[in-house]
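Peer 1: Below: sequence and its predicted model.
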Amino acid sequence: MKPHTLIPFVAASLLCLASTTAFAQVKVEQAWARPTVPGQQGGGGFLSITSTSADRLVSGSTPLAERFELHTMAMKGDVMEMRQVDAIELPAGKTVELKPGGLHVMFIGLKQALALGSKVPVTLKFEKAGEVKVEFDVMSRPPAR
Ligand SMILES: [Cu+2]
């Protein structure tokens with residue numbers, strides 16, 4: 001094989017790589033977490049996620065807590081209860097909101113209190129898009145839209 005015959009092949013591979021990356025693109029907005037008091041074990045986090053193609057949020061981690069869980073809220077009799085879910089479905093092109101009273105993320109086993117005005121560094125893990133790093137702003141109410 002002459003050297004120049006390799007070029008089209010390399011170009012095609014690069015194109016392929018580029019389109020794969022664009023295929024699984026996830027946009028995270030308005031990530032925020034509620035402040036916690038010292039000694040509090042768990043804290044809740046909220047965010048909006050838009051994926052260009054169908055994907056699932058499957059897990060995550062933060063250095064500030066021992067565990068990261070995906071939760072939903074549901075009525076059980078007269079009481080709102082939190083329930084852990086395995087994944088959060090992200091339909092293609094649709095913004096999924098994790099907000100108080102519904103889907104949310106939980107930081108369990110906090111190693112420090114989440115102080116108002118600080119940030120929680122989180123690595124979100126998506127089934128197709130892989131890992132996405134996000135900072136949650138610690139604030140007492142949802143960010144303005
Ligand atoms: Cu929860």
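Peer 2: Ah, there it is.
Peer 1: Return the mean pLDDT over stretch 53-67, rounded to an integer.
Peer 2: On average, the pLDDT along stretch 53-67 is 97.
Peer 1: dump the residue contacts of the residue in the chain that the ion sits nearest to.
Peer 2: Among all residues of the chain, His71 sits closest to the ion, at 3.3 Å; criterion: C-beta to the ion. All C-beta spots, glycine's among them, are computed from the backbone N, C-alpha and C. By C-beta atoms under 8 Å, 6 or more residues apart in numbering, the residues touching His71 are Gly44, Met82, Arg83, Gln84, Val85, Leu103, His104, Val105, Met106.
Peer 1: pretty sure the third one contacts Ala74?
Peer 2: Yes: counting by C-beta atoms under 8 Å, Ala74 is a contact partner of Arg83 at 5.9 Å.
Peer 1: hmm, back to that, tell me the secondary structure of the residue of the chain closest to the ion, please.
Peer 2: Look at His71: counting by DSSP: H, G, I helix; E, B strand; the rest coil, its state is strand.
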